[in-house]
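*Asks:* Here is my input, please return the structure:
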Amino acid sequence: MSAHGTPVPMTSCKSGPLKGIANVPGDKSISHRSLILGAMTVGETRIEGLLEGQDVLDTAKAMRSFGATVTDHGGGNWSVNGVGGLCEPETLIDCGNSGTGVRLLMGAMATHPISVTFTGDASLNKRPMARVTDPISLFGAKAHGRSGGRLPMTIQGAKHPVPIRYKVPVPSAQVKSAVLLAGLNAPGKTVVIEPEATRDHTERMLVGFGAEITVEDSSEGRVITLTGQPELNPQNITVPRDPSSAAFPVCAALICEGSNVLVPNIGLNPTRAGLFTTLREMGADLSYENERVEGGEPVADLRARFSPDMVGIEVPPERAASMIDEYPILSVVAAFASGQTVMRGVRELRVKESDRIEAMATGLRANGVEVEDGEDWWIVSGQGTGNVHGGGLCATYLDHRIAMSFITMGMASEKPVRIDDGSPIVTSFPIFEDLMTGLGGAITRNNH
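*Replies:* Reported below is the predicted structural model:
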């Protein structure tokens, strides 16, 4: 049963060549953060190119509950009128499927003297929240949830918050960002130490809104110091297009014979672009055109062409944080390469919307691909171009990236690939189906 209503079984068949321009949606990470920080300022923040997937729409609804005026002006243009802090909501905050949304919101409210109850869909309510509730408790917040630190959960914000120094135990931009957002309303300096760098949209955006923040490299890792209680200023934000969404048309073009696809205006923040670096190391015909900087973020147009001679590689474990959401689609590309692709240091995939290692390994095997996996690693044995059998039925486990990965796989395999439920795709990439079929992809919805 889908978390989004009736399941939508889908099938993709051998496609190609894929041709044209793929205008993917705005960046999900930046969209969430622009709504939250806009709500914490006094005055109007204007956002152009907001991702209007369900995850972000749930965050927009939450910010209204926290007292901000959030307005959809159409065409991805939104405004947020903040009141300088967060008010206590009158209702539950339902974050749907969004782990990013709920964890950032927990951080933002943790240092306000308010009580908030968070919930989500069936998938989100299984995911661990202790990674955020542990550090926010150091500020003085109290959390009461189900066993295992799961939602629904009520958090009592700190009345007299204190700044903290916190070393992130596992690489997680969500945890880092939650601590920094909590630090905004605490006096003094809040320090976050990252042994491994993760996506830095929060740090960049905090600087844009006027916060005092420094980032230094040390023997412990990246040391991020935020001076609390800044006066945040409203901003005009142009959201770059999402590299995690761009991954699907890019990878489809690489594996579908004769393809040539341009994906414009993609954010290439170095803490997010690990997939594209990895694909080029595998021999992908992937180039950056019109490189530029917009709103403090590096941006380029990506050109992806059919790449029949890709080879498997060992992905450096230290790159994991910059591409953690892209390992599912990378494993699909790896199936069409020659030789083994080895992915290590990816334990975080076990606790995403689904256990993504298990989900992808099972689905790949169902389509004739050999996979080995362990607690924090997996190895895909590539079949080479044109040799992936396909023909399998894949469970998506209410996970949008699993669904899109197997749909992409079917576009280049010998036999069609089916998924049990494509409805979760709307959470991050609501136009995925139309965009891919517009390029030439053969994707259908199955009739019951």
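
*Asks:* Let me see the domain layout of the protein.
*Replies:* Here the domain parsing of the chain from automatic domain parsing is 10-26+241-445, 28-227.

*Asks:* Export the ones you listed as a markdown table, with columns for mean neighbour count.
*Replies:* In short, each C-beta sits where N, CA and C put it, glycine included. Below are the domains of the chain laid out as a markdown table (neighbours: other C-beta atoms under 10 Å):
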| stretch | mean neighbour count |
| --- | --- |
| domain 10-26+241-445 | 21 |
| domain 28-227 | 20 |
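
*Asks:* With distance to Asn233 as extra columns, can I get those domains in CSV?
*Replies:* Output for the domains of the chain, formatted as CSV (distance: least, C-beta to C-beta, whole Å):
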stretch, distance to Asn233
domain 10-26+241-445, 15
domain 28-227, 4
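
*Asks:* Select, out of these, the one closest to Pro234.
*Replies:* domain 28-227 (4.0 Å; C-beta to C-beta).

*Asks:* can you tell me the average pLDDT over that closest one?
*Replies:* In this model, domain 28-227 has a mean pLDDT of 96.

*Asks:* Looking at the domains of the chain, spot the one closest to Gln235.
*Replies:* Of these, nearest to Gln235 by C-beta to C-beta is domain 28-227, at 5.3 Å.

*Asks:* So Arg280 sits against Gly274, correct?
*Replies:* No: counting by C-beta atoms under 8 Å, Arg280 stays clear of Gly274, with 11.0 Å between them.

*Asks:* was I right about Asp94 contacting Gly120?
*Replies:* Yes: in this structure, Asp94 is within contact of Gly120 by C-beta under 8 Å, at 6.5 Å.

*Asks:* show me where the protein has helices.
*Replies:* 28-39, 54-65, 99-109, 130-139, 173-183, 201-209, 243-255, 274-281, 327-336, 356-366, 400-410, 432-439 (DSSP state H).

*Asks:* Which strands or helices does the fifth one pack on?
*Replies:* If I follow you right, that is helix 173-183. helix 28-39, helix 99-109, helix 130-139, strand 189-194, helix 201-209, strand 221-227 (3 or more C-beta pairs under 8 Å, 6 or more residues apart in numbering; DSSP states H and E).

*Asks:* Kindly recompute the last result at 6 Å.
*Replies:* helix 99-109, helix 130-139, strand 189-194 (3 or more C-beta pairs under 6 Å, 6 or more residues apart in numbering; DSSP states H and E).

*Asks:* between the second one and helix 99-109, what angle do the directions make?
*Replies:* Just to be clear, that refers to helix 130-139. Interaxial angle, helix 130-139 versus helix 99-109 (axes from the mean of the first three to the mean of the last three C-alpha atoms, to 10 degrees): 10 degrees.

*Asks:* List the contacts of helix 130-139.
*Replies:* 103, 106, 110-111, 143, 149, 158, 161, 164, 166, 175, 178-179, 182, 186 (C-beta atoms under 6 Å, 6 or more residues apart in numbering).

*Asks:* tilt between it and helix 173-183?
*Replies:* Using the same axes, to 10 degrees: helix 130-139 against helix 173-183 is 20 degrees.

*Asks:* now the angle from helix 130-139 to strand 189-194?
*Replies:* Computed by the same axes, to 10 degrees, the angle separating helix 130-139 from strand 189-194 equals 150 degrees.
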